[in-house]
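Visitor: just to be clear, the model below is a prediction. Sequence and coordinates:
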Amino acid sequence: MTSTDHYQAVVIGSGQGGNPLCKALAKAGRRTALVEREHVGGTCINEGCTPTKTMVASARVAYLTRRSADYGVETGNIRIDMARVRKRKRDIVDSFRNGSQGSLEKTENLELIFGEACFTGPKSLTMRLKDGTQRALVAEQLFINAGCRPAIPQLDGIGGVPYLNSTSIMELDCVPEHLLVLGGGYVGLEFGQMFRRFGSRVSVVHRGDRLLHAEDADVADEIAALLRQDGVDVFLNTTAERVVKAGSQILLTVREKTGNAHQFQGSHLLVATGRVPNVEALNLSAAGIATDNQGFVKVNSKLETSTPGVYALGDINGGPAFTHISYDDFRILRANLIDKGSATTEGRLLPYTVFIDPQLGRIGITETQARAQNNKIRVAKMNMSSVARALEVDESRGFMKAIVDADTDQILGAAVLGIEGGEIMSMLQLAMMGKLPFTTLRDGIFAHPTLAESLNNLFTHFVS
């Protein structure tokens, strides 16, 4: 390390916020460096959205093939080729990753550097490059987009068991005989249902009294019922206490809320108990950057850290851990630092979709939240079995639910648990963004037979 390179901007991490941000800064004429420890694209492309949804699609084909007789189509026994499923996943990931990297490398004023960044001061970094050498950088502005990784639970014996996480499970080349899943959140449920459809016996162990704790009870209960209908064993109010390896099997000891202890025996263990921020190697204290008690970088509504000129975007700032939120963080920074605007995170809508099948699409506040705020509301709720298109394609599980302000008729939130629930939710989000009253959707003309026209009927089914 013989000299220090000077940049106007340095972005740490090439996730779904960092990539467009560094390109925008470079195109604005600022000499910019993007530092990436492992591979371009962040969690979304490499270990998150892209590979998991690719595998969810394969699992859905297996599900529909087994159900083919319901549609009058006769097939023989099906066989899951996990090596082929994995190859398809890898090919799509490589395509997305290589496309992103190629675009970055062609951007003028932007240097892509593969190495691990470490703060040495408020505006200075050292990087350990892949060849073991070090390099020093200073910048006028720094942006932390280093993301998160799967958490390891405090579980007796976990260090002696070859457990899987959300990344390593996608590298399996065979279908597990019995997959034990720790955690009833998005990750655990998506993989649990996926591998059940691939042919595994699946047991989900969740310490809470319902799955997806942020959802309304009726939504969470219906999801549990759907998973059980698919053959997934769901155990609520159950805490894992100890795990050991016994030959080719994994023994998991759990205790119910009632105090009763049980032991599960499985071939594989998936740990899906949350994620933690990638902050250890960054040496944030050297830059005076404050974190919360979980290690997430503290930011204000403009994504500024406690150190002037240093910003944090994406999962590492503790905000909702969704790709589209990371991308919106980029838009806020672009608006403020390049376009001289005054954008903030305050009041932004938070849409998300849980890619179980049927999907759960969510926007706005829940019924529980609305009642806790003492809002005067009306609740519209309709089973998907009342949706013509859902019946026609024989995918009528779940329900739709919308929360409406009783005085203004504005939609405050919605949950769509049904076929293409994320797409239907997005229509409701558009209405919320445009401040349309629910009556506009109730009285609108939508093409028949589509899922969209279900919004006509939803808003004639007020239950409270």
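Guide: Received the coordinates, thanks. Numbers count the residues shown, from 1 in each chain.
Visitor: give me the neighbour count for M400.
Guide: 28 (other CB atoms under 10 Å). C-beta coordinates here come from the backbone N, C-alpha and C atoms, glycine included.
Visitor: which SS class is it?
Guide: strand (DSSP: H, G, I helix; E, B strand; the rest coil).
Visitor: surely it and V416 touch.
Guide: Yes. Under the criterion of CB atoms under 8 Å, M400 makes contact with V416 at 5.0 Å.
Visitor: okay, and the common contacts of those two?
Guide: Residues touching both M400 and V416 (CB atoms under 8 Å, 6 or more residues apart in numbering) are I424.
Visitor: give me the nearest residue to E108, chain neighbours excluded.
Guide: Spatial nearest neighbour of E108, chain neighbours left out: A26 (6.5 Å); criterion: CB to CB, 6 or more residues apart in numbering.
Visitor: so which bits of the helix or strand harbouring the one you found are buried?
Guide: A26 is part of helix 18-27 when elements are defined by DSSP states H and E. Neighbour-count burial for helix 18-27 flags 18-26 (criterion: 16 or more other CB atoms under 10 Å).
Visitor: could you do stretch 302-309 as well?
Guide: 302-305, 307.
Visitor: now do the spatially closest residue to T366 that is not a sequence neighbour against G413, distance only.
Guide: The spatially closest residue to T366, leaving aside those adjacent along the chain, is D216, at 4.9 Å (CB to CB, 6+ apart). Using CB to CB, to the nearest Å, D216 is found at 10 Å from G413.
Visitor: what residues do the two have in common as contacts?
Guide: Counting by CB under 8 Å, 6+ apart, the contacts common to D216 and G413 are 366-367.
Visitor: what about the helix or strand containing R378, distance to the chain center?
Guide: Using DSSP H and E, R378 maps to strand 377-383. Counting by CA atoms, centre = their mean, to the nearest Å, strand 377-383 is centred 27 Å from the centre of its parent chain.
Visitor: and what of stretch 392-399?
Guide: For stretch 392-399, the distance to the chain centre is 25 Å (CA atoms, centre = their mean).
Visitor: if you count neighbours, what's buried in it?
Guide: Residues 395-399 are the ones in stretch 392-399 that count as buried (16+ other CB under 10 Å).
Visitor: please apply the same query to stretch 152-170.
Guide: 155, 157-158, 161, 163-166, 169-170.
Visitor: tell me the two of those that are most distant?
Guide: G157 and M170 (24.3 Å; CB to CB).
Visitor: could you check the angle the lengthiest helix in the chain makes with helix 18-27?
Guide: The residue-count maximum for a helix in the chain (DSSP state H) belongs to helix 82-105. Helix 82-105 and helix 18-27 are oriented at 20 degrees to each other (axes from the mean of the first three to the mean of the last three CA atoms, to 10 degrees).
Visitor: what does helix 82-105 rub up against?
Guide: Under CB under 8 Å, 6+ apart, the answer for helix 82-105 is 14, 19, 22-23, 34, 39-41, 45-46, 50-51, 54-55, 58, 110, 112, 170-175, 198.
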